[in-house]
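**Q** got a predicted structure here, sequence first:
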Amino acid sequence: MTRRRRIAGLLAGASLATGAMLATAVPAQAYSPDPRVQPIPYDTDTCPCSHPDPHDGTYFKHDPGGVAMKIHLDVNRGTWIGKVEFHPHDELLWVYDTRDDGDTYYVTVSYYNEAGRKVRVGGVMSAGTSSAAVDSRTYDLDITDGRRLVIDLYDDSGLTDHITAVSNAVA
């Protein structure tokens with residue numbers, strides 16, 4: 001066998017092996033066990049108020065009748081992976097992914113209407129994933145004042161891996 005054929009054969013074999021490895025690569029794994037979730041409500045009747053955290057802190061504006069919600073997500077008793085903030089003033093939802101691990105979590109916001117049906121507002125929301133140390137997105141939700149909200153957190157965009165539901169936020 002000539003040297004040229006040997007080199008071509010080695011290159012072809014290396015290409016096939018690399019292709020096989022890439023074809024079987026798996027996406028980022030879901031958190032297991034689920035992250036610890038710490039909801040912190042704020043009565044915005046008494047705001048302006050703030051809450052420090054390791055990333056950027058939080059400031060809630062005065063909003064009569066509103067209840068803001070700050071939700072910390074962590075693994076291993078302290079390694080932050082994200083936070084969610086609902087701001088009743090202007091009905092804003094902030095979603096942060098604070099761990100650059102190629103994975104993220106997903107959030108839905110709902111309320112129960114007068115007929116007792118659960119109504120989702122804003123679709124499926126996330127901070128996204130990039131190579132940045134912290135990813136964040138802000139969502140402007142249109143919610144009638146006084147609505148009691150349910151904030152659901154999921155470990156997948158298909159909403160099949162439910163982490164938890166947080167209630168008691170009020171628009």
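**A** Alright, I've got the coordinates.
**Q** what's near enough to touch the residue minimising distance to the centre of the chain?
**A** In the chain, the centroid-proximal residue (CA atoms, centre = their mean) is residue 105; its distance is 3.7 Å. Contact analysis of residue 105 by CB atoms under 8 Å, 6 or more residues apart in numbering lists 31, 35, 73, 81-82, 97, 126, 153-155, 163. (Each C-beta comes from the backbone N, C-alpha and C, glycine too.)
**Q** equivalent analysis for residue 92, please.
**A** By CB under 8 Å, 6+ apart, the residues touching residue 92 are 85-86, 138-141.
**Q** ok, of the residues you listed, which come out buried?
**A** Buried by 16 or more other CB atoms under 10 Å: 85-86, 139, 141, out of those.
**Q** what's the closest of those to residue 67?
**A** Distance to residue 67, by CB to CB, is smallest for residue 86 among the buried ones among the contacts of residue 92, at 8.6 Å.
**Q** any chance of the buried ones among the contacts of residue 92 in a markdown table, with secondary structure, pLDDT and distance to residue 41 too?
**A** Shown next, in a markdown table, are these (DSSP: H, G, I helix; E, B strand; the rest coil; pLDDT from 0 to 100; distance: CB to CB, whole Å):
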| residue | secondary structure | pLDDT | distance to residue 41 |
| --- | --- | --- | --- |
| 85 | strand | 97 | 11 |
| 86 | strand | 98 | 9 |
| 139 | strand | 97 | 19 |
| 141 | coil | 97 | 17 |
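**Q** what residue ranges in this structure are flagged as low confidence?
**A** 1-30 (pLDDT under 70).
**Q** the strands in it, which residues?
**A** Using DSSP state E, the strands of the chain run over residues 36-43, 49-51, 58-60, 67-75, 79-87, 92-97, 106-112, 118-125, 135-140, 148-154, 162-170.
**Q** tell me what the fifth one is packed against?
**A** Looking back up the chat, that one is strand 79-87. Here strand 79-87 touches strand 67-75, strand 92-97, strand 148-154, going by 3 or more CB pairs under 8 Å, 6 or more residues apart in numbering; DSSP states H and E.
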